[in-house]
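In: Fold the following, please.
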Amino acid sequence: MIDVYIAELVRYAMEKALIAPPDMTWAANRLLDALGLDRWSAPEPGEHRPLEDILKDILDWAVENGRIQDGTATRDLFDTELMGRLTPRPSEVNAAFQARYARSPQAATDWYYDFSQNTDYIRRYRIAKDVKWVAPTEYGDIDITINLSKPEKDPRAIAAAKNAPQNAYPACQLCASNEGYAGRLDHPARQNHRMIPLTLDGQDWFFQYSPYVYYNEHCIVLNARHIPMKIDRSTFRKQMDFLRLFPHYFLGSNADLPIVGGSILSHDHFQGGRYEFAMAKAPVETPVSFPGYEDVEAGLVKWPMSVIRIRSTDPDRLIDLADKILLAWRGYSDPAAEVLAETKGEPHNTITPIARMREDKFELDLVLRNNRTTEEYPLGIFHPHQELHHIKKENIGLIEVMGLAVLPARLKTELAALADALVKGSDIRGDEVLSKHADWAEDLQKKYTFTADNAMGILQDEVGKVFAQVLEHAGVYKRTDEGKAAFLRFVESVK
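Out: Numbering: from 1, shown residues only. Just a heads-up that it's a prediction; the model follows:
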């Protein structure tokens with residue numbers, strides 16, 4: 001049957017335009033080489049099957065015939081090698097992208113996103129297994145996803161990784177040297193990975209899609225050099241340059257400090273895509289003005305985190321004002337609001353910036369961040385506090401800031417078991433796995449009568465409310481009269 005599987009994979013590659021009809025024999029021979037075979041008889045074409053099924057059968061054959069050892073990592077390495085042998089060279093991919101870009105930026109990204117899925121770099125069948133729903137909150141509809149492909153990370157481990165020696169090749173999973181890399185057991189294979197070169201702020205960058213696709217056309221824009229994250233004036237220039245190239249996308253950056261940054265601080269990068277998050281939909285509730293920038297629309301956004309939104313038809317005016325706000329925030333302290341710019345020389349203030357086009361204007365959301373810790377809050381004052389860790393403990397990075405909760409895989413089974421326990425009246429506090437949810441569950445039991453039909457729906461809505469609390473904890477200025485007054489004190493300090 002291996003002949004049939006090879007024929008199916010070659011036909012798939014041709015139908016997805018990864019190869020052309022004259023390439024079919026060459027492609028089959030490339031697969032034979034990877035499988036350790038020296039002959040092949042092309043069978044008659046059979047039924048069309050999903051790529052996942054074709055690759056599974058080839059991998060099962062490879063295990064049974066001693067070509068690879070069984071295991072998720074070894075199977076992923078091998079099927080990526082097979083797809084890499086059918087993926088066009090980077091120069092060909094870039095030429096195809098540029099030809100479509102000449103028609104329109106959207107035509108180029110539409111093709112590239114489809115291509116990244118067709119090569120199995122984005123594994124459609126795994127993404128489809130993620131659990132997703134929308135939960136109503138006072139801040140609008142929040143997107144919730146339970147991520148089934150990546151383990152939950154401890155914020156302290158993330159912080160340590162930023163300064164760890166970078167001896168491996170590639171230095172990290174974002175490096176340009178991943179393109180075509182064969183991978184190893186502790187690093188994913190990327191033979192089917194192709195990137196698009198860009199110039200941003202006069203520097204070499206690359207554009208690609210995330211293999212995990214948390215939202216539509218979730219892209220990553222990465223520095224050609226392996227250098228740490230840094231938010232400065234150049235950050236805003238790069239964002240404006242990107243919007244000029246791809247006005248149908250947004251582009252945001254994680255903050256550049258541990259705790260309030262993303263999971264990879266060692267490589268300068270942005271995340272973007274074609275999706276409107278709840279934060280983008282949130283209105284300005286308090287207009288403000290900055291001296292010398294009266295021509296720039298500005299205001300405080302109705303959002304659980306502390307967001308200054310600025311808008312203008314002139315991107316240079318936004319860059320100037322954003323830089324002024326950033327520099328002011330870097331050095332700003334307000335002990336009454338728990339804000340200290342630094343302690344013992346360690347900086348605490350930074351910004352998570354998100355850029356988009358709206359109604360032919362450039363728009364920047366500047367989210368104020370502070371990563372100070374105390375004995376009471378060792379993971380961060382402005383970080384989800386202990387009582388919310390049963391749902392979310394990881395850093396609140398760019399994606400969460402914008403209103404998409406990326407929750408750990410454990411919650412899929414935990415929420416199902418919790419729903420069942422609430423319906424049956426089981427002992428939750430005495431359950432080794434569910435006990436972490438006991439306080440939350442007991443509060444919910446006071447509000448709802450749980451049945452088999454409504455339990456999961458109630459839990460999903462309540463998870464959304466917990467995540468809104470997570471964002472409130474991460475917000476520097478709380479949504480109280482005192483918090484708003486403190487926020488305005490900072491705004492007034494920007495001269």
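In: unless I'm mixing things up, M229 is touching D256, no?
Out: Yes - the criterion here is C-beta atoms under 8 Å, and M229 meets it with D256 at 4.2 Å. Every C-beta, even on glycine, is put in place using the N, C-alpha and C of the backbone.
In: anything in contact with each of the two?
Out: L265 (C-beta atoms under 8 Å, 6 or more residues apart in numbering).
In: Give the next helix or strand downstream of the longest helix seen in the chain.
Out: Longest helix in the chain, counting residues (DSSP state H): helix 455-474. Moving toward the C-terminus from helix 455-474, the next helix or strand (DSSP states H and E) is helix 481-493.
In: ok, back up a step: let me know the angle separating the longest helix of the chain from helix 481-493.
Out: 50 degrees (axes from the mean of the first three to the mean of the last three C-alpha atoms, to 10 degrees).
In: Mind exporting the C-alpha coordinates of helix 455-474 to CSV?
Out: Output of helix 455-474 as CSV, limited to C-alpha atoms (Å, rounded to 0.1, in the frame of the first residue of the first chain):
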residue,chain,number,x,y,z
ALA,A,455,-23.6,23.3,33.1
MET,A,456,-21.0,23.6,30.4
GLY,A,457,-22.6,26.8,28.9
ILE,A,458,-22.6,28.4,32.4
LEU,A,459,-19.0,27.5,33.0
GLN,A,460,-17.9,28.9,29.6
ASP,A,461,-19.6,32.2,30.3
GLU,A,462,-18.1,32.3,33.8
VAL,A,463,-14.6,31.6,32.4
GLY,A,464,-15.1,34.7,30.2
LYS,A,465,-15.9,36.7,33.4
VAL,A,466,-12.8,35.3,35.1
PHE,A,467,-10.7,36.3,32.1
ALA,A,468,-12.1,39.8,32.3
GLN,A,469,-10.9,39.8,35.9
VAL,A,470,-7.5,38.6,34.7
LEU,A,471,-7.3,41.6,32.5
GLU,A,472,-8.4,43.9,35.3
HIS,A,473,-5.6,42.5,37.5
ALA,A,474,-3.2,43.2,34.6
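In: I'd like the distance from it to the chain centre, please.
Out: 20 Å (C-alpha atoms, centre = their mean, to the nearest Å).
In: swap in stretch 273-287?
Out: Centre to centre, stretch against its chain (C-alpha atoms, centre = their mean), the figure for stretch 273-287 is 18 Å.
In: Also stretch 258-275?
Out: 7 Å.
In: model confidence over that stretch, on average?
Out: Regarding stretch 258-275, the rounded mean pLDDT is 92.
In: can you tell me the distance between the two ends of that stretch?
Out: Terminal residues of stretch 258-275 are spaced 26 Å apart (C-alpha to C-alpha, to the nearest Å).
In: ditto for stretch 445-452
Out: Start-to-end, stretch 445-452 (C-alpha to C-alpha) is 14 Å.
In: From start to finish, how long is stretch 215-229 in a straight line?
Out: 23 Å.
In: where does the stretch 51-200 of the chain have low pLDDT?
Out: Low-confidence segments of the stretch 51-200 of the chain, defined by pLDDT under 70: 149-167.
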